[in-house]
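Visitor: dropping a prediction and its sequence here:
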Amino acid sequence: MTLLDPLWTALLYLAAAVCFILALKGLNSPRTARRGNLVGAFGAVVAVVTVFLSVKMDNVPWIMGAIVVGSGIAAPVARRVRMTQMPQLVALFNGVGGGAAALVALLELAHTEDPWVRLAIVFTLLVGAVSFSGSGVTFAKLQELMTTRPVVFPGLPVAMALALLAGLAAAGAIVGTGSTGLALLLLAVGLVAGVLLVLPVGGADVPIVISLLNAFTGLAVAASGLVLGNVLLVVAGTLVGASGTILTRAMAAAMGRSVAGILFGAFKGGSTAGSTTASDRPVRSSSAEDVAVLLGYAQRVIIVPGYGLAVAQGQHTAAELAEALEERGIRVDFAIHPVAGRMPGHMNVLLAEANVPYESLKEMSEINSEFKTTDVALVVGANDVVNPAAKTTAGSPIYGMPILEVGEARQVVFLKRSMRPGFAGVENDLLYEPQTTLLFGDAKDSLTQVLAAVKGL
């Protein structure tokens, strides 16, 4: 006997589903993202409690123990993870979700003879396994546990095709026979396919693949909902799958690339791959005091944040510098490229953490036309998103990617640690233009020096 009748169970599941939808709506804007996240978490709690109250469960102590252990691991890790490591955390979440869905499907195979349910099971097994192993590789790449460059070897396309064919053959046999042995084989094929899918992806393409694998996990969870007969899992998985797909397409568009080009571009040399080669061409460098003079006597300043700002944890200093300039009557905005950092919204969250007003965070489509009337564009730790090679160098890994038009500003100041290219490994000719000045050093240290000099003017 359960504590909830079917009517109350359905109503609570509906409430949880509404919370998930409202959460996605809230995550649409930095202003409402925190509230959206809390609403989604509340919906998840409602869903879990409803399951406990509406299903007759065995092994409750084991289930509660797993929840305690999982929470004990996840909470400290999530609280301590750096902002620059957020994509790795998302990759791990993707992998765990896909792997969990696959294991549930594997266990349910022995309890059904319905061919349609078996079809949902084989889909969950294959897609969940691909998401699990693929997410593990993306984590290793971003965490630099392995090379971030594309890994391609002779016969890789053939191996991918064979894995796909083997997966389809095993899936068809499982639907007909319900064989657990073949299900284990399908699980292994999915794990191999996930690794082979992600190995050829490198550089700035990796976060896009994380988003794609997030969509895979959502689809696997939705299919597991069909296996278990749980409508809420179907709804939640579909929402994750749809939002992940939309985000993947948006990120690919922001990079000026197709999803197919991202996944298979390395076979023809088209995938972005980080470079460590620094140029020895002469540039015009300056001191923090000279940069402060440029900024302090400007009328319009646009700050362009990038991954280097996140690594240096200089967002609070950047916010203080913007405030100091505004106190002098200077108009200051932050220009946000859709793929600045390592994932969409990375810079928005980083600067919101430093209490930069949301009104000062301008998206690329909104701010690009204003660079022509800007006195100083201050680029802090960004490179690829302002690199004119995206417009001028056909065949470049970033060719076709929309960029922030900082080169149209009267003066451009780059805060860079070194002359190494950006994550895509493409040299930036804007660094050598006559209107460009470079200030070398750690982004936070450089901003601190510039801030002190501005206050001393």
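Guide: Yep, it's here. Bear in mind that the values here come from a model prediction, so they are computed numbers and not experimental data.
Visitor: mind listing the strands for the chain?
Guide: Ranges of strands in the chain, per DSSP state E, are 300-305, 331-336, 361-363, 376-380, 411-416, 436-440.
Visitor: how about M347, what does it touch?
Guide: Contacts here follow C-beta atoms under 8 Å, 6 or more residues apart in numbering; on that basis M347 touches P305, G306, L309, A310, F334, I336, H337, A340, G341, L361. C-beta coordinates here come from the backbone N, C-alpha and C atoms, glycine included.
Visitor: what's the single longest helix in this protein?
Guide: When the chain is parsed with DSSP state H, its longest helix is helix 115-142.
Visitor: average pLDDT across that helix?
Guide: Per-residue pLDDT over helix 115-142 has a mean of 93.
Visitor: now it: buried residues?
Guide: Buried residues in helix 115-142, counting neighbours by 16 or more other C-beta atoms under 10 Å, are found at 117-142.
Visitor: do stretch 13-32 as well
Guide: Taking 16+ other C-beta under 10 Å as the criterion, stretch 13-32 shows Y13, A16, A17, C19, F20, L22, A23, L24, G26, L27, P30, T32 as buried.
Visitor: any idea which of these is least confident?
Guide: The lowest pLDDT within the buried residues of stretch 13-32 belongs to P30, with 72.
Visitor: now do the contacts for the closest residue to that one other than its chain neighbours.
Guide: Once flanking residues are discounted, P30 sits nearest to N348: 4.5 Å by C-beta to C-beta, 6 or more residues apart in numbering. When contacts are counted by C-beta under 8 Å, 6+ apart, N348 is found next to P30, I336, L361.
Visitor: what about the second one, how many residues close to it?
Guide: Look at I336: counted by other C-beta atoms under 10 Å, it has 25 neighbours.
Visitor: wait, it touches I302, no?
Guide: No: here I336 does not reach I302: they are 10.7 Å apart, not a contact under C-beta atoms under 8 Å.
Visitor: what sits in contact with each of the two?
Guide: Taking C-beta under 8 Å, 6+ apart as the criterion, I336 and I302 both touch K362, I367.
Visitor: domains of this structure?
Guide: Domain ranges of the chain: 81-268, 288-455, per automatic domain parsing.
Visitor: in a markdown table, list those along with distance to N59.
Guide: Formatted as a markdown table, those follow (distance: least, C-beta to C-beta, whole Å):
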| stretch | distance to N59 |
| --- | --- |
| domain 81-268 | 13 |
| domain 288-455 | 38 |
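Visitor: is S285 in contact with L438, as I believe?
Guide: Yes: using C-beta under 8 Å, S285 is in contact with L438, at 4.7 Å.
Visitor: shaky segments in the stretch 301-450 of the chain?
Guide: 395, 422-425 (pLDDT under 70).
Visitor: that should have said the stretch 151-300 of the chain, apologies.
Guide: Scanning the stretch 151-300 of the chain for pLDDT under 70 picks out the ranges 203-204, 266-280.
Visitor: try 50 this time
Guide: The stretch 151-300 of the chain contains no residues with pLDDT under 50.
Visitor: please enumerate the helices of it.
Guide: Using DSSP state H, counting those that start in this stretch, the helices found in the stretch 151-300 of the chain span residues 156-177, 180-198, 206-228, 231-254, 259-264, 288-296.
Visitor: just checking, what packs against the fourth one?
Guide: So the one you mean is helix 231-254. When contacts are defined as 3 or more C-beta pairs under 8 Å, 6 or more residues apart in numbering; DSSP states H and E, helix 231-254 packs onto helix 6-26, helix 30-54, helix 206-228, helix 259-264.
Visitor: rerun at 10 Å
Guide: Contact analysis of helix 231-254 by 3 or more C-beta pairs under 10 Å, 6 or more residues apart in numbering; DSSP states H and E lists helix 6-26, helix 30-54, helix 86-108, helix 206-228, helix 259-264 as its packing neighbours.
Visitor: what does the last one contact?
Guide: Looking back up the chat, that one is helix 259-264. With contacts defined as C-beta atoms under 10 Å, 6 or more residues apart in numbering, helix 259-264 is touched by 156-157, 160, 197-198, 200-201, 204-206, 208-209, 211-212, 245, 248-249, 251-253, 255, 258, 268, 270-272, 400.
Visitor: distance from it to the middle of the chain?
Guide: 16 Å (C-alpha atoms, centre = their mean, to the nearest Å).
Visitor: buried residues in that helix?
Guide: Within helix 259-264, judged by 16+ other C-beta under 10 Å, the buried ones are V259, G261, I262, L263, F264.
Visitor: any chance of the residues you listed in TSV, with distance to V96 too?
Guide: Shown next, in TSV, are these (distance: C-beta to C-beta, whole Å):
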residue	distance to V96
V259	24
G261	29
I262	24
L263	22
F264	27
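Visitor: which one's more surrounded, S285 and L438?
Guide: Remark: of S285 and L438, L438 carries more neighbours, 19 against 12, as counted by other C-beta under 10 Å.
Visitor: quick check: the more buried one touching V380?
Guide: No: at 12.0 Å, L438 does not count as touching V380 under the criterion of C-beta atoms under 10 Å.
Visitor: list residues touching both of those two?
Guide: Joint contacts of L438 and V380 (C-beta under 10 Å, 6+ apart) are V413, F414, L415, K416.
Visitor: for those residues, pick the one with the most neighbours.
Guide: The shared contacts of L438 and V380, ranked by neighbours (other C-beta under 10 Å): first place L415, 30 neighbours.
Visitor: residue contacts, that one?
Guide: Shown in contact with L415 (C-beta under 10 Å, 6+ apart): 288, 291, 303-304, 306, 308-309, 312, 314, 318, 378-382, 438-447, 450.
Visitor: who does it bridge with?
Guide: Counting by DSSP bridges, L415 is bridged to V380, L439.
Visitor: okay, the helices of the stretch 151-300 of the chain, which one's buried deepest?
Guide: helix 206-228 (a mean of 26; mean count of other C-beta atoms under 10 Å).
Visitor: restricted to buried residues, select the contacts of L415 in PyMOL.
Guide: If you want just the buried ones from the contacts of L415 in PyMOL, going by 16+ other C-beta under 10 Å, the selection is:
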select buried, resi 288+291+303+304+306+308+309+312+314+318+378+379+380+381+382+438+439+441+442+443+444+446+447+450
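Visitor: and the helices of the stretch 151-300 of the chain as JSON lines, adding distance to L3?
Guide: Conversion of those to JSON lines gives the following (distance: least, C-beta to C-beta, whole Å):
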{"stretch": "helix 156-177", "distance to L3": "36"}
{"stretch": "helix 180-198", "distance to L3": "34"}
{"stretch": "helix 206-228", "distance to L3": "20"}
{"stretch": "helix 231-254", "distance to L3": "17"}
{"stretch": "helix 259-264", "distance to L3": "46"}
{"stretch": "helix 288-296", "distance to L3": "64"}
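Visitor: which one of those lies closest to L431?
Guide: helix 288-296 (15.1 Å; C-beta to C-beta).
Visitor: packing partners of the closest one?
Guide: Helix 288-296 packs on strand 300-305, helix 315-327, strand 376-380, strand 411-416, strand 436-440, helix 443-455, going by 3+ C-beta pairs under 10 Å, 6+ apart.
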